[in-house]
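Enquirer: Got a predicted model here, sequence first, then my questions.
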Amino acid sequence: MTKQVRQLDRVVIRFAGDSGDGMQLTGDRFTSETAQLGNDISTLPNFPAEIRAPAGTLPGVSSFQVHFADYDILTPGDTPDILVAMNPAALKANLGDLRPGADIIVNTDEFTKRNLTKVGYDANPLEDGSLDGYVLHPVALTSMTVRALESFEISKKDAERAKNMFALGLLSWMYSRPSESTLRFLERKFAARPEVAAANIAAFKAGFNFGETTEDFVVRYEVSPAKMAPGEYRNVTGNTALAYGVVAAGVRSGLPVFLGAYPITPASDILHELSKHKKFGVTTVQAEDEIAAVGLALGASYGGALGVTSTSGPGVALKSETISLAVALELPLLIIDVQRAGPSTGMPTKTEQADLNLALFGRHGEAPVAVIAPRSPADCFDAALEAARIALTYRTPVILLSDGYIANGSEPWRLPDVSTLPDLRVEFASEPNGPDGRFLPYLRDPETLARPWAVPGTPGLEHRIGGLEKADKTGDISYDPANHDYMVRTRAARIEGIQVPDLEVDDPDGDARVLVLGWGSTYGPIGAACRALRQRGLPVAQAHLRYLNPMPRNLGEVLRRYDRVVIPEMNLGQLASVVRSKYLIDAIAYNQVRGLPFTAAELENMLEDVVKNA
Amino acid sequence: MPEAGLSAGATPLKLTAKDFKSDQEVRWCPGCGDYAILAAMQSFLPDLGIPRERIAFVSGIGCSSRFPYYLNTYGMHSIHGRAPAIATGLSVSRPDLSVWVVTGDGDALSIGGNHLIHALRRNVNLKILLFNNKIYGLTKGQYSPTSELGKITKSTPVGSTDSPFNPLSLALGAEASFVARTIDSDRKHLQSVLRQAAEHQGSAFVEIYQNCNIFNDGAFEVLKDPQTRDEYVIRLEHGQPITFGKDGEFCVTHPPGAFGLRVRPTAEVSPDEIVVHDETVAEPAYAFALSRLPESDLRHTPIGVFRDVARPVYDDLVRAQLDSAKEKVTRSADEELAALLGSGDTWTIL
Ligand SMILES: Cc1ncc(C[n+]2csc(CCOP(=O)(O)OP(=O)(O)O)c2C)c(N)n1
Ligand code: SF4
Ligand SMILES: [Mg+2]
């Protein structure tokens, strides 16, 4: 039969199934095919905290959402246009998020009485009319896959497992995706088991052909490439980009990178990734706990390496005392906090802007550090380089606040020209700097207020440092009241004096009276909401903070330009209270702590109210 | 590894104790055992033959942890209990350095117990000196994890209800490859133990009995008093039968069928029953049995090197992985980086 081809400008697909159904892999492959085609993309995986939650249950549902378009997009999309549900639990868990009239592909083989009861369906939703508002495509994914693989010498289990590739084939047909990269991927993945590789490829093709021949699918869609700046691209998650940024910081500074880390969701992938890059001189140590992890990094920094530690909120809490020590020692140290929902263990796999207060204030004593936050997955690369620049230039701990949303989400990344990345080379002290040939470890650079970095091994510069208050210049132990006052103020001034670029405001027509101020991962949803409002003729300005300490010099002036300032955050108003106390601005805090990113739609609604009443 | 300054103006190696004294005024209580240890260290370091700039002392918090301030080497007085972790980062990233950890019984065994055992199990190339005064000195006299059961201190007015750690048993349980004990007042012995520790590849754990004359005075007096010491102290010497007492009238035997070691009157046993000390016994049970010999009144306290065995050193293992990865590099760092960033599926927009 001939199929209709319809052109779309954007699509949001969600793949959902049991944790064992391979939905993350399916989503990843679809994303890669889509990238090859040149669409702009944003993805959002969502997986259960339990590694192997009981099969077929609601807590066991794992999903992957991908948003792709022929223009540049900012979020993984609020409401899926199509849901692939591999079992009743996946249907039940995700149905509420779909837009009315969305397509739903279900694996009918899993809709047994037993599986339905397991998730509390009294009647079969495929039959009781409850899905009438959607376009339902019942497909016997498992049995069709098994049948397609009858001639292969593989176990029944392996055959059934290939059903995700059947589904991927079907979706690839439906959205006219190129399949070569997936076929190559399967060959690589199952290189050790060629029969399984061939079976998975056959399952993929069976799904593709099924779309082509079945009468249930009458329309095939196309989404044209987006207009993106020329260059070479790849898709990248925030954690990968962050790890690459750390490797790049090592290369561009010429320093060995030393990562101390203790596994914790959602930061562990940074440890995994960096442990692969030894040829760049990156040492990784899985420490006995987070306190040791940051201690290791600080010890390495003392020895002249770029010390890095990666963790999430609970780990930052444990590292607090050592970060204070690093403040006193005035050594470079990079602390990566991939934030997750708290307090305590909270919701480890769910996102939250949980730790701004912790980063800014979570230490004993007057212990300011630089704080910086990436805004999107690809931006993690630049943010890591920038954090390293600050740490190395000003000899200070820097806390980088990523979060679960951008850590696991992905987007296309235009590969930078490596030779244009910042030059981060540093000079170690090599000669005494005092008048009488003495070495003064706390004699500061007049511009940066940084002290010399004199690494052990340098003859003539032997000196002792420590957590006890030090006398200005000499670094000797000092209990002198005036000296302490001076040192506390000078450490603060050093952080306050860090050069950061002015805050830029996006206000295309220049007539907005309302400013939305955000930080970190809310950049996408806020940007999408602002665009939508402007398209409707409602002017609104957007500004997004990368530097949370010190804040851009022009921030106060920017804030005062607007009648109203709105600060949306995935916490209870941590940036809002800082802005209020620092700039005496009556900012409106808009907060949500559901473990999920904002949807563009909810921000648009909220902002519409503010703009209309400003 | 940073090269800056490493080659420039190397320190002449004919050093004396004076070269290792820093300009800081030493601030321990008069009579504190820490002075003796410091003096022993200052006069021992020149013998090491390592230039000053290649030596780093990292300490935690406590009276003992002030140690680095008084040595003219590189030094870091860090935070309570964390010195083994910080020193591990330094040692692993700087194999050219000789890294020493100075810690106390509270610092190493209470707040920092975790870091200590993990440094030992990894066999990081650290020389760890635990100044054991069986008390919290700096915080003015609370009981510590090595204080005896029933100990009366400021925080245990009617006696401690905690059972103590045996630091050497603990270190051996943590797979330590070098374990020794010495005493602050016995400079010669102290220095010989330090020398052997310095020569050991991997973690060397040295417990130093240290007198806190303010809060726990005389804790080790029976080991020092000429009236008692011969009967209380067992001096271990590699390759020698273990005998002690004024005229060697006591010895250590391994009774058949029993698990541990026993002290017996030498006259009552045949010479081949006496245990000949061997630091290199691979099985830690032997050193462990030695570590269990002391009675609660310190009678039969062995001092010397209990164990000195070769085991893969963490620093070397880490470095070998780095080196073998680096060997495969054929391009410049920038080119390697560009290749890494562009790995996986990429596409080009014209
Ligand atoms: C996090 C932290 N907790 C508590 C202290 C207080 N403190 C300092 S030293 C010390 C105990 C020291 O005992 P020990 O390690 O035996 O050293 P000594 O003073 O006996 O040499 C304590 C509890 C501290 N400095 N830091
Ligand atoms: S309190 Fe004890 S351990 Fe501390 S300096 Fe005084 S005597 Fe030495
Ligand atoms: Mg003590």
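Expert: Thanks, I have it. Ligands and ions are numbered 1, 2, ... in the order given.

Enquirer: Just the C-alphas of the helix-or-strand element of chain B with minimal mean pLDDT, formatted as CSV.
Expert: Least confident element among the helices and strands of chain B, by mean pLDDT, DSSP states H and E: strand B:346-349 (a mean of 90). Extracted C-alpha coordinates of strand B:346-349, given in CSV (Å, rounded to 0.1, in the frame of the first residue of the first chain):
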residue,chain,number,x,y,z
THR,B,346,29.3,12.6,14.6
TRP,B,347,27.7,14.6,11.8
THR,B,348,28.6,17.6,9.8
ILE,B,349,26.5,20.6,9.0
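
Enquirer: Need the contact partners of that strand.
Expert: Strand B:346-349 is contacted by residues A:35, A:36, A:38, A:225, A:228, A:229, A:230, A:231, A:232, A:233, A:234, A:415 when judged by Cβ atoms under 8 Å, 6 or more residues apart in numbering or on different chains. Heads up, the C-betas are built off the backbone N, CA and C, glycines and all.

Enquirer: Keep only those residues that also lie close to ligand 1.
Expert: Among the contacts of strand B:346-349, not one lies near ligand 1 by Cβ under 6 Å from any ligand atom.

Enquirer: Turn these into a markdown table, columns for distance to ligand 3 and neighbour count.
Expert: Shown next, in a markdown table, are the contacts of strand B:346-349 (distance: Cβ to the ion, whole Å; neighbours: other Cβ atoms under 10 Å in any protein chain shown):
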| residue | distance to ligand 3 | neighbour count |
| --- | --- | --- |
| A:35 | 61 | 23 |
| A:36 | 65 | 20 |
| A:38 | 67 | 21 |
| A:225 | 70 | 13 |
| A:228 | 64 | 16 |
| A:229 | 63 | 8 |
| A:230 | 67 | 9 |
| A:231 | 62 | 14 |
| A:232 | 61 | 16 |
| A:233 | 60 | 25 |
| A:234 | 56 | 20 |
| A:415 | 56 | 17 |
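
Enquirer: if I pick residue B:206, what's in contact with it?
Expert: B:127, B:128, B:129, B:130, B:180, B:181, B:182, B:193, B:194, B:197.

Enquirer: could you pull out the strands for the stretch 401-550 of chain A?
Expert: Ranges of strands within the stretch 401-550 of chain A are A:410-414, A:464-466, A:505-506, A:514-519, A:541-545, A:547-549, based on DSSP state E, counting those that start in this stretch.

Enquirer: Please produce JSON lines containing the contacts of strand B:346-349, extended by secondary structure, pLDDT and distance to residue B:82.
Expert: Listed next are the contacts of strand B:346-349 as JSON lines, based on DSSP: H, G, I helix; E, B strand; the rest coil; pLDDT from 0 to 100; distance: Cβ to Cβ, whole Å:
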{"residue": "A:35", "secondary structure": "helix", "pLDDT": "90", "distance to residue B:82": "45"}
{"residue": "A:36", "secondary structure": "helix", "pLDDT": "87", "distance to residue B:82": "49"}
{"residue": "A:38", "secondary structure": "coil", "pLDDT": "90", "distance to residue B:82": "51"}
{"residue": "A:225", "secondary structure": "coil", "pLDDT": "93", "distance to residue B:82": "53"}
{"residue": "A:228", "secondary structure": "coil", "pLDDT": "91", "distance to residue B:82": "48"}
{"residue": "A:229", "secondary structure": "coil", "pLDDT": "93", "distance to residue B:82": "47"}
{"residue": "A:230", "secondary structure": "coil", "pLDDT": "94", "distance to residue B:82": "50"}
{"residue": "A:231", "secondary structure": "strand", "pLDDT": "95", "distance to residue B:82": "45"}
{"residue": "A:232", "secondary structure": "strand", "pLDDT": "95", "distance to residue B:82": "44"}
{"residue": "A:233", "secondary structure": "strand", "pLDDT": "95", "distance to residue B:82": "44"}
{"residue": "A:234", "secondary structure": "strand", "pLDDT": "94", "distance to residue B:82": "40"}
{"residue": "A:415", "secondary structure": "coil", "pLDDT": "98", "distance to residue B:82": "40"}
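
Enquirer: out of everything not next to it in sequence, what's closest to the one residue in the stretch 251-350 of chain B that gets nearest to ligand 3?
Expert: Residue of the stretch 251-350 of chain B nearest ligand 3, by Cβ to the ion: residue B:298 (16.7 Å). Computed as Cβ to Cβ, 6 or more residues apart in numbering or on different chains, the closest residue to residue B:298 that is not its neighbour in sequence is residue B:222, at 5.3 Å.

Enquirer: How about the residue in chain A that sits furthest from its center?
Expert: What lies farthest from the middle of chain A is residue A:436; by Cα atoms, centre = their mean that is 51.6 Å.

Enquirer: Which pLDDT value belongs to that residue?
Expert: Note for residue A:436: predicted pLDDT of 91.

Enquirer: Check residue B:118 too.
Expert: pLDDT, residue B:118: 98.

Enquirer: can you tell me how far it sits from residue B:287?
Expert: Applying Cβ to Cβ, to the nearest Å, the value for residue B:118 to residue B:287 is 20 Å.

Enquirer: okay, the two: which has more neighbours?
Expert: A direct count of neighbours by other Cβ atoms under 10 Å in any protein chain shown for residue B:118 and residue B:287 places residue B:287 higher, at 26 against 18.

Enquirer: quick one: contacts for that one?
Expert: By Cβ under 8 Å, 6+ apart, the contact list for residue B:287 reads B:168, B:172, B:179, B:281, B:306, B:307.
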